[in-house]
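Q: Coordinates only, no sequence provided:
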C-alpha cells in the first residue's frame, strides 16, 4: 500500500507541475475549447503510460548500446517542439481557429512523448526508483504505467480546464495573439537545457 501511494505521489508531482505537455493542453484549451482538446489530452496520458511500460521492459537499454540514437532523438524532439511553438505562435484569434483550424490529435499527443526530453527523464526515474530486477519486475512496470495513466488525466486535465476557462477572458484578437506568443515562447525556451546537452555531446565528440 505504501509502495502504491509513493508511486501515485510521484506521478502526481511529475504530471501536474509545468511541463511541455501541460503547456500544449492549456494552449489547446484556450484556442479550441475543452472538448475539442480531449483527444490531445488522451493521447498525452495514454502515450506516456505506454512509454513508461516500454522503458521498463528495456527500451532504455537501446540508448545505452546505441547512444547516437538518443542524440538524434533529442534533435528530432527539439525540431518538433519548435514546430509546435510555431503552430501556437502563428495561431489566429479563437473564433477564426474554431472555424478553420484543427487541434492536435490523439496521435500527436502520444507520439510527442517519444521526443519529449522530460518524459524520458520522468519515465526512467520512475522505473529506476520503484522497481527492481526480480521476477515480478514486469508486473511492477505495468502497475507504474497504470498509475500514471489514471493520475495523468486529472493532473494534466487541470491545465486543459484552466486554458478553457482562460479563453473566456481573451475576447479580443490582440489578447488572444499575445497569449499564443507567450505560450510559444515558453515552449521554445523550454528546449534550452536540451540544446545545451546536445552542444556538450557534440563538443565531446569533436574532441
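A: Good, I have the coordinates. None of the values given here were measured: they were computed from a predicted structure.
Q: Please give the number of neighbouring residues around residue 109.
A: 26 (other CB atoms under 10 Å). In short, each C-beta sits where N, CA and C put it, glycine included.
Q: so it is in which element?
A: helix 106-112 (DSSP states H and E).
Q: quick one: buried residues of that helix?
A: For helix 106-112, burial by neighbour count (16 or more other CB atoms under 10 Å) applies to 106, 108-110, 112.
Q: What are the phi and psi values at the closest residue to residue 151 other than its chain neighbours?
A: Spatial nearest neighbour of residue 151, excluding adjacent residues (CB to CB, 6 or more residues apart in numbering): residue 11 at 4.1 Å. Backbone dihedrals for residue 11, given as degrees, to the nearest 10, come out at phi -60, psi -40.
Q: Isn't residue 11 up against residue 149?
A: No. Counting by CB atoms under 8 Å, residue 11 does not reach residue 149; the two are 9.1 Å apart.
Q: which one of these two has more residues nearby?
A: Neighbour count, other CB under 10 Å: between residue 11 and residue 149, residue 11 has more, with 25 against 17.
Q: Can you give me every residue that contacts the more buried one?
A: Counting by CB atoms under 8 Å, 6 or more residues apart in numbering, residue 11 makes contact with 126, 144, 147-148, 151-152, 155.
Q: and residue 45, how many neighbours?
A: For residue 45, the count of nearby residues is 26 (other CB under 10 Å).
Q: Give me the pLDDT for it.
A: Residue 45 is assigned 95 on the pLDDT scale.
Q: Against residue 21, how distant is the closest residue to it other than its chain neighbours?
A: Spatial nearest neighbour of residue 45, excluding adjacent residues (CB to CB, 6+ apart): residue 152 at 4.1 Å. Distance, residue 152 to residue 21, using CB to CB, to the nearest Å: 8 Å.
Q: what touches both of the two?
A: With contacts defined as CB under 8 Å, 6+ apart, the residues shared by residue 152 and residue 21 are 15, 44, 48.
Q: Most neighbours of all those, which one?
A: When neighbours are counted by other CB under 10 Å, residue 44 leads the shared contacts of residue 152 and residue 21 with 30 neighbours.
Q: what's near enough to touch that residue?
A: By CB under 8 Å, 6+ apart, the contact set of residue 44 is 21, 24-25, 109-110, 112-113, 152, 156.
Q: Can you tell me which of those residues comes closest to residue 66?
A: Checking these against residue 66 with CB to CB, the nearest one is residue 113 at 19.7 Å.
Q: pLDDT at that closest one, what is it?
A: For residue 113, pLDDT reads 88.
Q: Many thanks, have a good one.
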